[in-house]
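**Q** The sequence and its predicted three-dimensional model are supplied below.
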Amino acid sequence: MVAVALAPLTAGSDVDVGGATVRLRQDIPSGHKFALMPIAEGATVLRYGFPFGQATAAIAPGDHVHSHNVKTALGLGGDYRFGTGEALNEPLASLLDGPRLFDGYRRVDGTVGTRNEIWVIPTVGCVGRTAERLAALASVSLPDGVDGVLGLPHPYGCSQLGDDLDGTRRILAALACHPNAGGVLLIGLGCESNQLSALLALIPEERRARIRTMGAQESADEIEEGLAAIAELAAIAGQDRREPVPLSALRLGVKCGGSDGLSGLTANPLIGRMADSVGEAGGSVVLTEIPEIFGAEQLLMDRCVDRETFDALVGLVHRFKQYFVDHGEPVSENPSPGNIAGGITTLEEKSLGAVQKGGHVPVTDVIPYAGRASRRGLTVLEAPGNDAVSITALAAAGATLTLFSTGRGTPLGSPVPTLKIASNSALAKAKPGWIDFDAGSVLDRGMDVVAQELLDLVIATASGAQSCNERNAERSIAIWKSGVTL
C-alpha cells in the first residue's frame with residue numbers, strides 16, 4: 001500500500017513502482033513513504049506486508065504517508081499465538097558455503113573472546129574517575145598480546161535499593177566475566193551499597209584467577225596499588241594468543257539506533273543475513289530493545305522453538321508494556337524525533353524493521369537484564385531501547401562483537417567492537433569516522449554481494465581489526481536505573 005522514496009522526490013513527478021505509475025501529490029523526502037493506492041480513513045496501513053498503523057484521514061495515491069495522516073494502533077496487552085512451526089522451517093539466509101574461521105582467544109569457561117584486554121570496573125561512581133586514570137596510566141606500557149586497558153566508569157553503586165541495586169551489581173559482574181577481558185580489576189570505595197564482596201560472589205570460581213580487587217579507602221596509595229594489580233593481570237593475559245576458531249564461537253549482538261525509512265530495507269536485513277550466517281554455523285545471536293519490537297513481536301514468537309520460550313517472550317513483552325503504563329506513558333512512546341525526521345511514522349513500523357536484525361534464526365532463549373546468553377540460536381534479552389543501556393546489556397550478555405544499524409549516525413560504542421552499519425550512503429560518506437560499513441550500497445549492488453563484504457568485515461573485526469568506536473576510544477557503559485535514589 002505504500003512505497004519508500006530511495007532519494008528525494010518532487011511533487012508532480014511520475015514514479016514507476018512495480019510496473020504501475022504513481023504521480024506524486026507532495027514532495028517526498030528520502031526514506032519517507034507515499035501511497036500506491038487509495039487508503040480510506042480508519043483503514044489499516046501496511047508496510048513489509050504487515051500493519052504499521054491506522055489512517056487518520058483519507059489518503060490518495062501519491063500522497064505523503066507519515067505521522068500527519070497515520071497513527072499507531074498499539075495498546076496494552078496483545079493476543080499472541082504460539083507458532084505452528086512454519087516460521088521455524090524457513091531456511092536461514094546464510095552466506096556460508098563452507099567453514100568460516102576467525103582468530104579468537106579461548107577462555108577457560110569455554111567462551112571465545114575477540115579481544116584480550118584488561119578491564120577496570122568500579123563498584124561505585126565515586127571511584128569511576130580512578131578507574132579511568134588507572135587505565136590511562138597502565139596503557140602506556142603493555143606486554144605483547146594485551147590489546148589494551150579499558151576503564152568503565154558509571155555513576156551508580158550507591159544510594160540504590162533492592163532490585164535497582166541488584167541490577168547494577170549483576171550487570172557489573174556479567175561484564176567482569178566477559179571473554180574479551182583477559183583480566184579484570186574491580187575497584188571499590190569501601191562505604192558503598194554495592195560492596196566488593198557481594199559483587200565478587202556473583203563471579204564464577206573459574207573466572208577468579210583473572211580477577212583482582214582493590215578497596216580505595218583501605219589503600220595507602222590506590223594508584224600505585226591499582227597499577228601493580230593491572231601489571232600482574234597483564235602479565236597473565238600477555239601469555240594468551242589468538243588461534244583459529246569456528247564462526248560458531250562468535251556471540252553476535254544486534255542493535256539499531258537512530259533508524260530512518262531505509263533501515264528496514266538495507267541495514268537491518270543486512271544484519272539479519274549476518275545473524276543467519278552465525279546461526280547456521282551454530283553460534284549465538286543476541287537481540288534486545290524490547291520496546292522496539294512492540295507491534296512486530298509475533299514475528300519473533302513464531303520462531304520460538306518451544307512453548308516455554310514462547311511463554312517467556314510473551315511475559316517479557318507484557319511486563320515491558322506494563323512498565324510504560326505504570327510510569328504514565330503510552331506503550332507507543334516512540335519513534336524518536338530523529339526517527340520521525342528520517343521517515344519512521346509509528347513504533348510498529350520501526351519494530352517491523354528492527355526485528356529483521358535477527359534474520360530467521362530460531363528463538364532459543366529469553367533472558368533477563370544482566371543475564372548471560374548461553375544457548376545457540378537467537379536469544380532475546382530484556383533491556384530498553386536506549387542505545388547506551390542496550391549495547392551495554394548486549395556486552396554483559398556475552399556479545400563479543402555488536403552490529404549497530406543507524407540511519408542518523410552516532411559515535412557511541414560499547415566495551416566490545418561495535419560496527420556501525422549506515423542505512424544510507426549519504427550518512428556513510430558524511431561520517432566516515434563513525435561509520436564502519438555502508439549498507440546503502442545494497443540498493444545499487446544487491447544484498448548478496450554487500451552481505452558477503454559485511455561478513456568478511458565481521459570476521460576481520462573479530463580477528464583483531466579495529467572498529468571505528470575502538471579507534472575513537474568510544475567505549476563506555478550505561479546501566480539501567482529502575483528504582484529510587486536515596
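**A** Received, thanks.

**Q** For the strand or helix carrying residue 449, list the C-alpha coordinates in CSV.
**A** In this assignment (DSSP states H and E), residue 449 forms part of helix 447-462. The C-alpha coordinates for helix 447-462 follow below in CSV (Å, rounded to 0.1, in the frame of the first residue of the first chain):
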residue,chain,number,x,y,z
MET,A,447,22.0,-7.7,-1.0
ASP,A,448,24.1,-10.8,-1.7
VAL,A,449,27.3,-9.0,-2.7
VAL,A,450,27.1,-6.4,0.0
ALA,A,451,26.3,-9.1,2.7
GLN,A,452,29.4,-11.1,1.8
GLU,A,453,31.5,-8.0,2.2
LEU,A,454,30.0,-7.3,5.6
LEU,A,455,30.6,-10.9,6.7
ASP,A,456,34.2,-10.5,5.7
LEU,A,457,34.4,-7.3,7.8
VAL,A,458,32.8,-9.1,10.8
ILE,A,459,35.4,-11.9,10.6
ALA,A,460,38.2,-9.4,10.2
THR,A,461,37.0,-7.4,13.2
ALA,A,462,36.5,-10.5,15.3
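
**Q** Which strands and helices lie in contact with it?
**A** Contact partners of helix 447-462 among helices and strands, from 3 or more Cβ pairs under 8 Å, 6 or more residues apart in numbering; DSSP states H and E: strand 101-106, helix 267-281, strand 401-406, strand 418-422, strand 437-438. For every residue, glycine as well, the C-beta is placed using N, CA and C.

**Q** Go ahead and name everything in contact with that helix.
**A** Residues outside helix 447-462 that contact it (Cβ atoms under 8 Å, 6 or more residues apart in numbering) are 95, 100-104, 114, 247, 250, 252, 269-270, 273-274, 277, 400-401, 403, 417, 419, 421, 436-437, 439, 441-442, 465, 467.

**Q** circling back to that earlier point, show me the one of the helices and strands packed on helix 447-462 that comes nearest residue 162.
**A** strand 401-406 (29.7 Å; Cβ to Cβ).

**Q** now that closest one: mean pLDDT?
**A** Mean pLDDT, strand 401-406: 97.

**Q** How far off centre is that strand?
**A** Distance, stretch centre to chain centre, for strand 401-406: 6 Å (Cα atoms, centre = their mean, to the nearest Å).

**Q** Dump the helices and strands packed on helix 447-462 to a markdown table, plus distance to residue 31 and mean neighbour count.
**A** Formatted as a markdown table, the helices and strands packed on helix 447-462 follow (distance: least, Cβ to Cβ, whole Å; neighbours: other Cβ atoms under 10 Å):
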| stretch | distance to residue 31 | mean neighbour count |
| --- | --- | --- |
| strand 101-106 | 34 | 20 |
| helix 267-281 | 12 | 26 |
| strand 401-406 | 13 | 28 |
| strand 418-422 | 12 | 27 |
| strand 437-438 | 15 | 23 |
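
**Q** Mind pulling up the pLDDT for the residue nearest to residue 10 when sequence neighbours are not counted?
**A** Once flanking residues are discounted, residue 10 sits nearest to residue 27: 5.8 Å by Cβ to Cβ, 6 or more residues apart in numbering. pLDDT recorded at residue 27 is 94.
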